[in-house]
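**Q** predicted structure and sequence below. I'll ask about it afterward.
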Amino acid sequence: MKKEEIATLVKYRLEQAQITLADARFLLDGNRSPQSIVNRSYYAMFYAALALMQNIGRCHPSTLASSAFSIRNS
């Protein structure tokens, strides 16, 4: 994978993390269910971890996609 493609993927994952964390904050401020807040917080960390793993070259993009799929469907 080219450096530009990796940078694009990392940027996308970090944007996902930021949006998901903002969702968690919205839920927290609205006194929503703890399960929903934890869920959004978990995925914010998950997306950030994917970005880190890709950035340091520790995970191939197809591995990231399959791990994301398996977590979402468990």
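**A** Yep, it's here.
**Q** next, the contact list for the residue nearest the centre of the chain, please.
**A** Nearest residue to the geometric centre of the chain (C-alpha atoms, centre = their mean): Tyr47, 1.4 Å. Shown in contact with Tyr47 (C-beta atoms under 8 Å, 6 or more residues apart in numbering): Arg13, Leu14, Gln16, Ala17, Thr20. To be clear about C-beta, it is placed using only N, CA and C from the backbone, and glycine gets the same treatment.
**Q** just Gln16 next, same as before
**A** Tyr47.
**Q** what strand or helix carries it?
**A** helix 3-29 (DSSP states H and E).
**Q** what residues sit buried inside that helix?
**A** Buried positions in helix 3-29, judged by neighbour count with 16 or more other C-beta atoms under 10 Å: Leu9, Val10, Arg13, Leu14, Gln16, Ala17, Thr20, Leu21, Asp23, Ala24, Leu27.
**Q** where's the residue of the chain most remote from its centre relative to Lys3, distance?
**A** Most distant from the centre of the chain: Asn31, at 23.2 Å, with distances by C-alpha atoms, centre = their mean. From Asn31 across to Lys3, the span is 44 Å (C-beta to C-beta, to the nearest Å).
**Q** what do you get for Ser33?
**A** 42 Å.
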